[in-house]
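K.L.:
give me the fold of what follows.
(one chain, ligands or ions: 1)
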Amino acid sequence: MSYDPSNIFAKILKGELPCHKVYEDDTALVMMDIFPQSRGHTLIIAKSASRNLIDADPAALSAVMPLVQRVAQAVKAATGADGIRLAQFNEAPAGQTVFHLHFHIIPAYEGTALAPHGGGKADDGELAALAKDIAAKF
Ligand code: AMP
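P.N.:
Numbers count the residues shown, from 1 in each chain. Sure thing, here's the model as predicted:
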């Protein structure tokens, strides 16, 4: 399947739709997931146009991975999470719902189960505060 440039993350990258932005550079936009699996669930949206890992340009992947690590560190520091899950889904049967390359940084808290993938929407005020707290740890 080919990349569809009208996907929701492409629109956010173009500024056509809002997001709770944490950070942005030449390689990616970092923002809060509005249907978080845990407090502080953050997404790294690659700026290169690909559906997912399978069709990604290896050069674009190697450019974005250091940022994925940096986000994991910042999210852990800002939330006090006990662990961090890195997730990335490729095509619908694997759980992918937005077909533009992105990575999930999902904080894990001792004794608390993660909410299901694609659950309820978080409060906008809480997401804005988290975005600010995570940005401050960059
Ligand atoms: P995936 O299932 O890996 O394609 O992940 C897509 C993620 O994007 C899901 O975790 C959704 O909760 C999240 N999501 C969908 N729409 C938005 C949006 N407008 N802003 C932020 N996150 C979103």
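
K.L.:
from now on I want contacts and neighbour counts done on CA atoms only, so please keep to that.
P.N.:
Fine.

K.L.:
kindly report the residues of the chain close to the ligand.
P.N.:
Neighbours of the ligand within the chain, by C-alpha under 6 Å from any ligand atom: 19, 32, 33, 34, 35, 88, 89, 95, 96, 97, 98, 118.

K.L.:
try it again with 8 Å
P.N.:
Proximity of the chain to the ligand (C-alpha under 8 Å from any ligand atom) is limited to residues 8-9, 12, 17-20, 31-37, 43, 87-90, 92, 95-100, 102-104, 117-119, 121.

K.L.:
make a ChimeraX selection of the buried ones in these.
P.N.:
A single ChimeraX command selects the buried members of the residues of the chain next to the ligand (16 or more other C-alpha atoms under 10 Å):
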select :9,12,19,20,31,32,33,34,35,36,37,43,89,90,96,98,99,100,102,103,104
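
K.L.:
elements contacting whichever strand or helix holds residue 69?
P.N.:
Following DSSP states H and E, one finds residue 69 within helix 58-79. Judged by 3 or more C-alpha pairs under 8 Å, 6 or more residues apart in numbering; DSSP states H and E, the packing partners of helix 58-79 are strand 42-46, strand 83-87, strand 102-108, helix 124-135.
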